[in-house]
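Asker: using only what follows, build the 3D model:
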Amino acid sequence: MSGLRIPAAAALAALLLWPASTFAQGAGDAPLFRDITQAAGIAYRHNSAPEKKYIVESMSGGVGLLDYDRDGLLDIYFVNSLTVDTANAPESSASALYRNLGDGTFRDVAAEAGVAHPGWGMGLCVADVDGDGWQDIYVTGVGRNRLYRNSGEGAFTDVAEDLGVAAAGWSTGCGFADYDRDGDLDLFVSRYVEFDLANLPELGKDKTCKYRGISVQCGPRGLSGTSDLLFRQDASGAFTEVGEEAGVRDADGFFGLGIAWVDVDGDGWLDLYVANDSTPNYLYVNRKDGTFEESGFFMGVAVSEDGAEQGGMGVAVGDYDSSGRLSLFVSNFAEESNALYRNEGDYLVDVSFRSRTAPSSLPYVGWGTAFFDYDNDGWEDLVVVNGHVYPQLDGAKLGASAPYRQRKLLYRNLGDGTFEELADRAGPAFLEERVSRGLAMGDLDNDGRVDLVVNDLDGSPMVLKNEAGGGHWLQVRLVGAGKNTDALGAVIQVTTGEHRQIRNIRSGTSYLSQDDFRQHFGLGDAGVVDSVVVTWPDGSTTARENVAADELLIVEQ
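Answerer: So this is what the prediction gives:
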């Protein structure tokens, strides 16, 4: 067991050329977040069909943060899509891989890296699939998926067909995890609906293609759902689809979107949560024998507090109440409210309205979401990005109904189980109305503040620099043993005085997106962390005591 502490000065050494404005602290009326997309040189735009006549044209937009070249700086991958009109021309739109140059700018290297054209892309998840120390990228999409293996030399090769994970149909969310604790990573893929490009449902053709009397795209209700997939990796590195025998096949054909691997019951084995659109959500509890038991209703996370099915989109995981247990947050459709499920140990409770997160979400269609401590006060805050699916709303007179383009939501954790929505204080970027989808969080410039990246339809993305300032912080990066080099599934507990926080390492979450694997802890006024305890995926632990704040701590298994 070993650990390495990197002082803040060393962690920032490669970043001294970032423009001073990028590092400006939030103070007084200064914005908490600043849109630096253009200044950073990011010119990518998501390819979209403006009228969104078909549901398949409304759902793409994942974004991922990873350090593909291992230089200590987060890079950004934006997933792009096709349209019904360009479905047979995969080169007509390009995804983008922006390499972080460390001077405040990024450069798109997707073409030279071999990841520019995954086809009709939806989202992504990241993992070092083969245990060689380099992060690989799995891209979901319509028709087939891609597994881009990282060569370690700046290039990727699609090995999805060779390894048996190309899948078919319409894939959405994904995440790698060692669910059976055999030492290598397996892969879950959620899928949405059956969709035949040769037999498209006509706009407004029946009651499932109407919204408040307006003719709109059809689905998901009225369309046939499809099964989800679980790929188990064997010793050779190939994968076999085992969803049915493992009990996660989704025989009911619900409409799967966001997913999260998380040990909900604290028994040391990863469970699986799936947000389903317009149908009950799934919580698959790990039976520790290679199978799962679907327990969404029993555990209290299948439907809303009043028993209603909701339009589950994105999933956030966090210990927002400092209970030592991981709770779940799900973004939903307009007029349904987003759902916060507080983990009580043996079950979860919908506290959406009691936490004061639900009322402000009612007008919006939520997508990417994350728990993160934006002000470093030691309590996880919450962000949700929004955007409707029906551009036809802007031409209709529907009173107070939210428009197609929508603002973001930022909730400050008050430390008593409730949140305060303060997007109006977060800056113009949070109030600007967009059609947002994917969201990923991570510290892009290693300054100890968590930044946000959003993939939007019908326009450019947003890179939001955190300028909130606040308290001390600690970042923790784990190096796992064996093939699971990123320690996916590990749990980190940080204790300062009587306050403890936990984080878990996840591949894939939010809405079809990937967060930074490094875990960020706000520390408030604490200049020293009393203890850092890592519980590794195999159940073993590593402890560190008296860790200095404002550092990157690397812990090796």
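Asker: from here on, just use CA atoms for contacts and neighbour counts.
Answerer: OK.
Asker: put the alpha carbons of stretch 126-135 into CSV.
Answerer: Extracted in CSV, the C-alpha atoms of stretch 126-135 (Å, rounded to 0.1, in the frame of the first residue of the first chain):
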residue,chain,number,x,y,z
VAL,A,126,-14.9,5.7,-19.7
ALA,A,127,-12.7,3.0,-18.2
ASP,A,128,-9.4,1.4,-18.6
VAL,A,129,-11.0,-1.7,-20.0
ASP,A,130,-7.9,-3.9,-20.5
GLY,A,131,-5.9,-2.8,-17.4
ASP,A,132,-3.0,-1.2,-19.4
GLY,A,133,-3.2,2.1,-17.5
TRP,A,134,-4.8,4.1,-20.4
GLN,A,135,-8.4,5.2,-20.3
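Asker: buried set for it?
Answerer: Going by neighbour count (16 or more other Cα atoms under 10 Å), the buried part of stretch 126-135 is 126-131, 133-135.
Asker: will you turn these into CSV that also has pLDDT and secondary structure?
Answerer: Shown next, in CSV, are the buried residues of stretch 126-135 (pLDDT from 0 to 100; DSSP: H, G, I helix; E, B strand; the rest coil):
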residue, pLDDT, secondary structure
V126, 98, strand
A127, 98, strand
D128, 98, coil
V129, 98, coil
D130, 97, coil
G131, 97, coil
G133, 97, coil
W134, 98, coil
Q135, 98, coil
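Asker: any idea which residue is closest to the centre of this protein?
Answerer: Nearest residue to the geometric centre of the chain (Cα atoms, centre = their mean): S510, 2.7 Å.
Asker: could you give the bridge partners of that one?
Answerer: Beta-bridge pairing for S510 (DSSP bridges): V315.
Asker: number the chain from 603, please
Answerer: In the new numbering, first residue 603, that becomes S1112.
Asker: any figure for the gap between it and R746?
Answerer: S1112 sits 22 Å away from R746 when distances are taken as Cα to Cα, to the nearest Å.
Asker: can you check V951 too?
Answerer: 37 Å.
Asker: do the same with S1109
Answerer: Taking Cα to Cα, one finds S1109 at 20 Å from R746.
Asker: the more surrounded of these two?
Answerer: For S1109 versus R746, neighbours defined as other Cα atoms under 10 Å are more numerous around S1109 (24 against 20).
Asker: which stretches in the protein count as helices?
Answerer: Ranges of helices within the chain are 610-613, 712-715, 762-765, 845-848, 898-901, 1025-1028, 1030-1033, based on DSSP state H.
Asker: mean pLDDT lowest for which of these?
Answerer: Ranked by mean pLDDT, these bottom out at helix 610-613, which scores a mean of 36.
Asker: can you lay out the buried residues of stretch 728-737 as a markdown table showing distance to A641?
Answerer: Output for those, formatted as a markdown table (distance: Cα to Cα, whole Å):
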| residue | distance to A641 |
| --- | --- |
| V728 | 27 |
| A729 | 30 |
| D730 | 31 |
| V731 | 34 |
| D732 | 36 |
| G733 | 36 |
| G735 | 32 |
| W736 | 29 |
| Q737 | 27 |
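Asker: quick check, nearest of these to G1141?
Answerer: Of all the buried residues of stretch 728-737, G1141 sits closest to G733, with 19.2 Å by Cα to Cα.
Asker: so the closest one sits right up against T1087, yeah?
Answerer: Yes - G733 is in contact with T1087 according to Cα atoms under 8 Å; the separation is 5.9 Å.
Asker: what touches both of those two?
Answerer: With contacts taken as Cα atoms under 8 Å, 6 or more residues apart in numbering, G733 and T1087 have no neighbour in common.
Asker: separation between D786 and L942?
Answerer: For D786, the distance to L942 - Cα to Cα - is 32 Å.
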